[in-house]
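In: Give me the fold of what follows.
(4 chains)
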2 protein chains.
Amino acid sequence: MTERLKPHLWFTLYTLMRLGATKTLVRLSTTELSRITGGSQQSASRHLQLLEKEGLLERSIEPGGSRLRLTDKGLEELSLVLSELKWHLEGKEADAVELEGMVVSGLFEGAYYIGKEGYRSQIEEKLGFDPFPGTLNVRIGEEEYEKRRHLERMPSIWLEGFKNGERSFGPCRCYPLTVNDEVDGALIVAERSIHDFNILEVVAPVYLRRLLGLADGDRVRLSFLPLRRSAS
Amino acid sequence: MTERLKPHLWFTLYTLMRLGATKTLVRLSTTELSRITGGSQQSASRHLQLLEKEGLLERSIEPGGSRLRLTDKGLEELSLVLSELKWHLEGKEADAVELEGMVVSGLFEGAYYIGKEGYRSQIEEKLGFDPFPGTLNVRIGEEEYEKRRHLERMPSIWLEGFKNGERSFGPCRCYPLTVNDEVDGALIVAERSIHDFNILEVVAPVYLRRLLGLADGDRVRLSFLPLRRSAS
DNA sequence: ATTACTAACTTACGAGTAG
DNA sequence: TCTACTCGTAAGTTAGTAA
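Out: Here you go, the predicted structure:
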C-alpha cells in the first residue's frame, strides 16, 4: 500500500517543478531552495532527502549546488493534481493521449504474466475486468516516443509486485485505454524491467486479435484518458 | 503583505474542491471530512476554521453537517496552481479569457481613485506602468457575466488598501489585459464595493480613448492571460 | 448529531555545527 | 563553499470532552 505524499513534501515537489526541474537537471543548493520556499536550509535538505527516498526526485550531490531533476514518478504526482484541478475548475477532461502503432507478435510472455493469479486478481479488482490470458503487442515508431514518455508521466494504476515461491514478480503500472475507439483495455508497463521502449503491451477482457480482426502488421490506435484519483 | 497559504491548508482546500464545493454548497461534517483526508475530526474542524478566517471558504454550520462552499478567493488559490502545473507539465499557457463590451462614460470616479498616490504607486510597482489618471469604462452584456465570474476566480494582482487621513480606500484586484490586441493595461476591481457587475474599469499607461480613437458606444475586446506567481 | 475547546502528544522546523 | 547531523523549540495533531 502506497502512502499518500504529505502536503509539505508535495509543496517542495511543486516548487522544484516551478524551478524547471521537470525537463532539465537544475543546479540548486539547499540554501537557495530554502530562500525560495521561505523555510530553512535544514528543512530544504530534509525535504530533498525524503523526496529522493520516495523516488520522486533524482539528485547528484556536487559542490556548488546539487543537480536535481524530478523523476517520472514525481511528475506523475504533479500530473494527478493537474487532472483534478482541470476537471473541477475548468469542467473538462484533460486531453486524451493517442498513440498509433502496428500489431506485432510477442513471445507469449504476456500470457505467462497475465496468467499469474497475483496479477490477474489485481487487474480484476483495480481495472474492473477479468483479463484475457494474453497481451496484444503493439510496436510504435520513434515519432511516438515523446507521447509515450508523456503518457508515462500521467496518473496510473499500480499493480503490486508479489512472490509465489518460485520467483518474484515486480510491480506494474496500468493505463486504461480504448483500442480503435471500440474496446476498452489497459496498457501494462512493468516498473523495472528491460522493456523495449517501442513495444506496448495491451491487456483487455477479450481476445483483441479475434474481436477486432487484427493480424500482424495492422495499425491500431490506442486512446488514453488521464485518470483522476478517487475522492475518498 | 499577504501570507502564503500553508501546504496543509492548501490540501484541505483541494480536498473540498474534489468534493464538489466549487459549484454547489456541499453538506459535509468534520467527521466525514476527516475520514476523507485521513486525519482527525479535530484537525478537519480546525482547518475549516482557518480556511474560513482566510476568506477562502464559506460555511453555514448546521446540524447534520455544515454546508460548505469555496469562495472566489479560494478558487483563485487553486487556479493559480492550475496555471503553474499547466505551464510546466503541458508547456502551454492557460487559455486567455476574452471579454467584449461597449465603451461608456463613467462618473470620473476612476480618475479620482487612480489619482490617489496610494493606488498610483502600487500600480507602477506591481503592474509596471504609471497609470493614466482615469479609467476606461466598458459595459458588458449578460452573456459575458459567466466569463467575468470565471475571470475573477483566476490569479490576480492585489493592490493593498490604505488610509490617507480623510478616508480609507479598500484593496483592489488587478487583471492585466490587452485592449483590442493593441494596448496593455489592467482591469481593476474593488474588492468590497457595490460595483455594477456589468461595468469593467480599465486602467492603462495611456489615454485609451484618444490612442485607440474610442467613443461611447464603440465595441472593445479585452484579452486576459492567466497570471503565474513569480518563482522566487 | 454536530463543532470546537483544552491539553497531551507527535511531528516538523531551524539554530548550531560537523563532515 | 556544500549537505546533513543533533537536539531544543515551535507547530500541527489528536484524545477527551463540553456545548
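In: Could you use CA atoms for every contact and neighbour count after this?
Out: Fine.
In: What parts of chain A come near chain B?
Out: A:7-8, A:11, A:15, A:17-20, A:22, A:35-37, A:75, A:78-79, A:82, A:84-86, A:88-89, A:231-232 (C-alpha under 8 Å from any C-alpha of the partner chain).
In: May I see the buried residues of stretch A:9-29?
Out: Across stretch A:9-29, burial judged by 16 or more other C-alpha atoms under 10 Å in any protein chain shown covers A:9-22, A:25-29.
In: Also stretch A:201-220?
Out: A:201-208, A:214, A:219-220.
In: Just list the residues touching the residue nearest the centre of chain A, thanks.
Out: Centroid-nearest residue in chain A, with C-alpha atoms, centre = their mean: residue A:152, separated by 3.9 Å. Residue A:152 makes contact with A:72, A:76 under the criterion C-alpha atoms under 8 Å, 6 or more residues apart in numbering or on different chains.
In: before we move on, back to that, so which of the buried residues of stretch A:201-220 sit within strands?
Out: A:201-203, A:219-220 (DSSP state E).
In: Identify, from those, the entry nearest to DNA strand D.
Out: Nearest to DNA strand D among these is residue A:201, at 37.8 Å by C-alpha to the nearest atom of the strand.
In: Need the nearest residue in space to that closest one, chain neighbours excluded.
Out: Leaving aside its sequence neighbours, residue A:201 sits nearest to residue A:137 (C-alpha to C-alpha, 6 or more residues apart in numbering or on different chains; 4.8 Å).
In: how far is the one helix or strand the one you found maps to from where the chain is centred?
Out: Per DSSP states H and E: residue A:137 is located in strand A:136-139. Here strand A:136-139 is found 18 Å from its chain centre; the criterion is C-alpha atoms, centre = their mean, to the nearest Å.
In: rewinding a little: keep only those of the residues of chain A next to chain B that are in helices.
Out: A:7-8, A:11, A:15, A:17-18, A:35-37, A:75, A:78-79, A:82, A:84-85 (DSSP state H).
In: Would you list the buried entries among those residues?
Out: Among those, those buried by neighbour count (16+ other C-alpha under 10 Å) are A:7, A:11, A:15, A:17-18, A:36-37, A:75, A:78-79, A:82, A:84-85.
In: Going toward the C-terminus from the strand holding residue A:137, what's the next helix or strand?
Out: With elements assigned by DSSP H and E, the helix or strand that comes after strand A:136-139 is helix A:145-151.
In: now for that next one, which elements pack on it?
Out: The contact analysis (3 or more C-alpha pairs under 8 Å, 6 or more residues apart in numbering or on different chains; DSSP states H and E) places helix A:145-151 against strand A:97-104.
In: Give the partner strands of the strand it packs on in its sheet and their orientations.
Out: Strand pairing for strand A:97-104, determined by DSSP bridges: strand A:136-139 (antiparallel), strand A:219-224 (antiparallel).
In: pull the CA atoms of that strand into CSV?
Out: The C-alpha trace of strand A:97-104 is given here as CSV (Å, rounded to 0.1, in the frame of the first residue of the first chain):
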residue,chain,number,x,y,z
VAL,A,97,-3.2,10.9,-25.4
GLU,A,98,-3.4,9.0,-28.7
LEU,A,99,-0.7,6.5,-29.8
GLU,A,100,-0.7,4.7,-33.0
GLY,A,101,1.3,1.6,-33.8
MET,A,102,1.4,-1.7,-35.5
VAL,A,103,0.4,-5.1,-34.3
VAL,A,104,3.3,-7.5,-33.8
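In: Please work out the average pLDDT along that strand.
Out: Strand A:97-104 carries an average pLDDT of 96.
In: and what of stretch A:26-43?
Out: 94.
In: and the end-to-end length of it?
Out: This stretch, stretch A:26-43, spans 19 Å end to end (C-alpha to C-alpha, to the nearest Å).
In: How about the residues of chain A by DNA strand C?
Out: The interface of chain A toward DNA strand C, taken as C-alpha under 7 Å from any atom of the strand, is made up of A:6, A:8, A:39-43, A:47.
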